[in-house]
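> Pasted the sequence and its predicted model underneath.
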Amino acid sequence: MQNNFDPKIKAIMRVLRSRGFVIKGIRQGIRLKLKDNLDVDIYTLKFDADKLRARLKLRNENRKERFQIVKDVSVDLQEGLKDISSIEEFKFSRCISEEYYYYARLFMVDVDFIVKPEERTDILVSRRDAAENDDLNVKEKSDLQKIVDIFEPVDSKMYREALDGLGLPRTSILRVSLMRVFRSVTDPDELQAAIYEESARITDQKDRSDLGRILTSNYVEFLDPVIRMLHQTVFDDQDDDLDMEVLITDFC
C-alpha cells in the first residue's frame, strides 16, 4: 500500500514516523493517531493531487473546548511537520451529524533532505504545475466557496427531508451520491472532488433520468447548485469547466 502513496505523502509519513507519530494508511493519504483518541487525516485530493489537506473531526459540543483542542493539535502538527511542510490555521467548516469539521492546507517546504531522488522530480513538477494552475483556479474556488457557504446552516436532517421531497428512494444510487456530496460540502476542493467522483457512479439510465427529473422539479433552493453541478458533470455539457456563475447566481 505504501508504494501507492503520493511522493509528498511518503515524505511526510517518513518524517512524522521518525518523530514518534503513530500513523496508518487511509485512502489518498495517512491518519495520525494522536492522544485523547484524536485523529488527523493528511491526504491529497483525488482529482487534484497537487493539493494537500489536513482534516480534523471533533465530536464535542463545547465551543471553547473545541478551540483549545484545535489549537493543541495545530501545535503538535507544526512541530511534527517542521522542515518539510508548513500548515495553515485550521478553519471550521461545518457540523454534520454532530461532528465538527476543521480543515487546513499544507504546503511542502523543503523535501530534499528526506525524499528519495526518484521522488524529488515528481514533487518539483507538481509544484510547477500547481503554480501555473493557481491563477486559473482562483475564481472557480471562490464560486465553490459560495456554495459551501450556502450549505453552512443546512444540517443532515434538513438535507434528508429535502431529498425525500424529491421522491428519491433511499436505496437509489442517485440519492446515495447526493448524500455523499453533502458530506463533502465542507471545503471547496472536497466539494469539487465529490462531484466528479459521484458523477462517475451515476451510469444507470434510471438514475440519469431521475437526475434530469429533479433538475427541473426541485424547489429547495440549497439543493439547486449541487443538483445542477452533478447534472452538468454527468452529462458533460461539452464544457470542461463547470459554469459556477450560473450555478450560484440565484443564491448570492
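Alright, I've got the coordinates. Because the structure is a prediction, the values reported are computed rather than measured.
> residue contacts, the residue nearest the centre of the chain?
Nearest residue to the geometric centre of the chain (Cα atoms, centre = their mean): E190, 2.2 Å. The neighbours of E190, taking Cβ atoms under 8 Å, 6 or more residues apart in numbering as the test, are L45, R53, Y103, S184. Every C-beta, even on glycine, is put in place using the N, C-alpha and C of the backbone.
> Report the contact partners of the closest residue to the third one other than its chain neighbours.
Take Y103 and drop its neighbours on the chain: the residue closest to it by Cβ to Cβ, 6 or more residues apart in numbering is D187, 5.0 Å away. D187 sits next to R53, S93, Y103, V148 when contact means Cβ under 8 Å, 6+ apart.
> 7 Å instead, please
The contact partners of D187, taken as Cβ atoms under 7 Å, 6 or more residues apart in numbering, are S93, Y103, V148.
> By pLDDT, give me the weakest of the residues you listed.
Minimum pLDDT for those is recorded at S93 (78).
> what are the ranges of the helices in this protein?
Assigned by DSSP state H, the helices in the chain fall at 7-18, 63-81, 117-150, 156-165, 173-184, 188-199, 205-217, 224-235, 244-248.
> hang on, the earlier thing: next, the residue nearest to Y103: phi, psi?
Per-residue torsions, D187: phi -160, psi 140 (degrees, to the nearest 10).
> can you give me the mean pLDDT across stretch 226-241?
For stretch 226-241, mean pLDDT is 72.
> Test my guess that Y196 contacts Q232.
No: look at Y196 against Q232 with Cβ atoms under 7 Å: they stay out of range, at 11.1 Å.
> Which one of the contacts of D187 is nearest to R17?
Checking the contacts of D187 against R17 by Cβ to Cβ gives Y103 as the nearest, at 23.4 Å.
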